[in-house]
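Peer 1: Let me see the structure of the following:
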Amino acid sequence: MNTKEYISSGVIESYVMGLLTEAECLEFENVCAQYSEVVTARNAFEMALEEQLLNDAKQLPQHLKQQVLDKIRNTTTDINNEELEEDKAPVRSIGIWKWLAAASFILLAGAAYWGITTNNKYQNLLTQNKQLKDSVQQSTAMLDLMKQDAEMLQKPGIKMAALMSDHSSAYATIYWDTASATKDVYLMINNLPQPASDKQYQLWALLDGKPIDLGMIVAKQRLLTKMKNVQNAQAFAITLEPMGGSVAPTSTPISVSNL
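Peer 2: Residues are numbered from 1 along each chain as shown. I've put the predicted structure just below:
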């Protein structure tokens, strides 16, 4: 079996996203049991999906519990310090009105503290609730986008090209909608090593040996990234260029794929 052709056929993406029939799933799993390259490519795609969800997921604030615990500790420490000072201080006789005034002050201070802390807790709960709602909405929106991407992959006229490197782990997939009037181009980043801070990946279409700029590859925000359209192309390539891109490739392509 030619594992590169099998990997570039799209069966891995369809399997992970649940688009295969039961028989096709069984066949794919048998292939995985025989060829470690297929397993590696499947794992890379699964990690790409997982990373996509994790990047868009927001964690709730973790400092609230610590703040409450700190307040409890501080209050306990203050009370203990006051008890120690009272033990050391000489006993004085004060009038009943002074005791009542002191007790009233303590009650008022306690009520004020309770009101402030209760309001703070209420505000914190409101903030947590809003953050949770925002997180759920973002996750729902991301799942809807992934569903749209999966449906797009099944459209007739979609041509796929796997961009793999013989010298590195770089791996990406091109989906070219040749049936549409605009000939939309989509890129799926399976695995691209992090470039240097002054470098950026750039996608090209090749026609009669001439490169056509299809745009810079930015940090992925969804499963598929829409690139510039191209009406005619014989191959696709990715190069590592200075930040912002080049009018023509300035480095050897890290991956090239013919249609």
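Peer 1: So which residues of the stretch 101-250 of the chain form strands?
Peer 2: With DSSP state E, counting those that start in this stretch as the criterion, the stretch 101-250 of the chain has strands at 158-164, 171-177, 185-191, 199-207, 210-216, 225-226, 235-242.
Peer 1: Okay, now the unreliable bits of this structure?
Peer 2: 49-115, 122, 135-136, 138-139, 141-146, 148, 219-222, 255-256, 258-259 (pLDDT under 70).
Peer 1: Count the residues that sit near the residue nearest to Trp204 when sequence neighbours are not counted.
Peer 2: The spatial neighbour of Trp204 that comes closest, neighbours along the chain excluded (CB to CB, 6 or more residues apart in numbering), is Pro211 at 4.3 Å. Using the backbone N, CA and C atoms, a C-beta is placed for each residue, glycine as well. When neighbours are counted by other CB atoms under 10 Å, Pro211 registers 19.
Peer 1: and if you look at the one 3 residues further on?
Peer 2: Applying other CB under 10 Å, we find 21 other residues in the vicinity of Leu214.
Peer 1: what does Asn2 give?
Peer 2: Neighbourhood size, Asn2 [other CB under 10 Å]: 7.
Peer 1: Kindly list the main-chain dihedrals of it?
Peer 2: With angles defined as degrees, to the nearest 10, Asn2 sits at phi -80, psi 100.
Peer 1: Could you list the buried residues of stretch 8-23?
Peer 2: 8, 10-17, 19 (16 or more other CB atoms under 10 Å).
Peer 1: let me fix that: stretch 169-183
Peer 2: In terms of neighbour count (16+ other CB under 10 Å), stretch 169-183 has its buried residues at 170-177, 183.
Peer 1: Could you single out the nearest of those residues to Leu240?
Peer 2: Closest approach to Leu240 among the buried residues of stretch 169-183 (CB to CB): Ala170, at 9.6 Å.
Peer 1: so that closest one makes contact with Ala237?
Peer 2: No - taking CB atoms under 8 Å as the definition, Ala170 is not a contact partner of Ala237, at 11.3 Å.
Peer 1: re the thing from before, so the residue nearest to Trp204 sits right up against Ala248, yeah?
Peer 2: Yes - Pro211 lies in contact with Ala248 (CB under 8 Å); the separation is 6.0 Å.
Peer 1: domains for this structure, by residue range?
Peer 2: As assigned by automatic domain parsing, the chain contains the domains 3-56, 63-87+94-149, 158-258.
Peer 1: End to end on stretch 228-236, go ahead and measure it.
Peer 2: Start-to-end span of stretch 228-236 (CA to CA, to the nearest Å) is 12 Å.
Peer 1: Buried residues in it, which are they?
Peer 2: 229-230, 233, 235-236.
Peer 1: Show residues contacting that stretch.
Peer 2: 161, 163, 174, 176, 182-185, 203-208, 212-215, 256-259 (CB atoms under 8 Å, 6 or more residues apart in numbering).
Peer 1: which of those residues count as buried?
Peer 2: 161, 163, 174, 176, 183-185, 203-206, 213-215, 256-257.
Peer 1: Neighbours of Thr127, how many?
Peer 2: When neighbours are counted by other CB under 10 Å, Thr127 registers 13.
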